[in-house]
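> only geometry, no sequence info:
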């Protein structure tokens, strides 16, 4: 098949096809006599894949890596790149919503006061910038490396994971999923909490920043839907879930990030949805800093954050560090 036929068939310009050839994404054969490009079925498949990945917003350099890895390792690497792309797009979408809200605040101030002092503009812009910086996420903890031994570490670290099994059981009891309800587990890890909720009849989605953790989770619980992402830009549409849960993960966030996480959890919840969190927290402000840059928030501060956002709450202290909190939206 010649380049014009391919162009007509795939609805793509000949110039774009030549560009992908220059980048090494395709390598059609050439006729000996006239050097015309000839495309076989594998070339067509590669072009279709390239077009689809470009449509999702993936960079050419990433597509090159994906196509090489598909040939070596199959579709698992393609799935990872697509999930990574989705995570990035949701992060940009959440950031864009924040920018729109900042602009709306400026417009509202201008309408009300018939003026917009420079100090107000600076204040709004600074707040928007600070939120954008807080949303920047990086893995400081090496969870990809720990994925294969995570469950073993949970069993061995008696201080950090004291009463772990009891906490997961209590979350399931407090959430009390009705069969068929949809739940989201943030920081799902290897899926221990999500698996219990599946057994209780829920349809679960697990979000984690670690691709290797998600692989372990999928291996243990094939029915779970897994997504690459984090608390600050959940890769899920608005109003999708009946409940959100998280265990032993929230303490990785800063105080500002915890506020943003609560907003994100609320965004993906249905009206009157419920949130249940088991995590390492303190009774008071003293000693609130955890290990390895972790932040053990005082339980009363987390309660105040939820109640200020329209939730009624209940909580239980399970040991000197571990608390469980249930928050139900009343708005």
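Yep, that arrived. Everything numeric in this text was worked out from a predicted model, so none of it was measured. Residues are numbered from 1 along each chain as shown.
> please count neighbours and contacts with C-alpha atoms only from this point.
OK.
> and residue 20, what's its pLDDT?
According to the prediction, residue 20 has pLDDT 91.
> ok, it touching residue 28?
No - applying Cα atoms under 8 Å, one finds residue 20 not in contact with residue 28, separated by 10.8 Å.
> next, show the common contact partners of those two.
Counting by Cα atoms under 8 Å, 6 or more residues apart in numbering, no residue touches both residue 20 and residue 28.
> scan this structure for its longest strand.
strand 269-280 (DSSP state E).
> what angle separates the following helix or strand past it from strand 269-280?
Per DSSP states H and E, strand 269-280 leads on to helix 299-308 as the next helix or strand towards the C-terminus. Relative orientation of helix 299-308 versus strand 269-280 (axes from the mean of the first three to the mean of the last three Cα atoms, to 10 degrees): 180 degrees.
> all numbers from here: first residue = 28
Sure thing, new numbering starts at 28, so read that last one as helix 326-335.
> packing partners of helix 326-335?
Applying 3 or more Cα pairs under 8 Å, 6 or more residues apart in numbering; DSSP states H and E, one finds that helix 326-335 makes contact with strand 338-344, strand 349-356.
> where's residue 286, which helix or strand?
helix 282-295.
> actually, residue 195.
Short version, using DSSP H and E: residue 195 is in helix 191-202.
> specify the angle between that helix and strand 338-344 in degrees.
150 degrees.
> pull out the buried positions in helix 191-202.
191, 194-195, 198-199, 202 (16 or more other Cα atoms under 10 Å).
> for it, packing partners?
Checking 3+ Cα pairs under 8 Å, 6+ apart, helix 191-202 ends up next to helix 219-226, strand 268-274, strand 296-307, strand 349-356.
> now with 7 Å?
Where contact means 3 or more Cα pairs under 7 Å, 6 or more residues apart in numbering; DSSP states H and E, helix 191-202 is packed against strand 296-307.
> what angle do the strand it packs on and helix 282-295 make?
Here the directions of strand 296-307 and helix 282-295 differ by 140 degrees (the same axes, to 10 degrees).
> which residues are in contact with strand 296-307?
Strand 296-307 has contacts (Cα atoms under 7 Å, 6 or more residues apart in numbering) with 194, 198, 202, 265-278, 323, 348-358.
> and these, which are buried?
Using 16+ other Cα under 10 Å, the buried ones in the contacts of strand 296-307 are 194, 198, 202, 267-278, 323, 348-356.
> helices of the stretch 128-277 of the chain, residue ranges please.
In the stretch 128-277 of the chain, helices defined by DSSP state H, counting those that start in this stretch lie at 145-162, 170-173, 177-183, 191-202, 219-226, 238-247, listed in chain order.
> least confident of those helices, on average?
Of all the helices of the stretch 128-277 of the chain, helix 145-162 has the smallest average pLDDT, which comes to a mean of 68.
> before we move on, back to that, in CSV, list the buried residues of helix 191-202 along with distance to residue 217.
Shown next, in CSV, are the buried residues of helix 191-202 (distance: Cα to Cα, whole Å):
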residue, distance to residue 217
191, 14
194, 16
195, 13
198, 17
199, 17
202, 20
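> among those, which two are most distant?
191 and 202 (16.8 Å; Cα to Cα).
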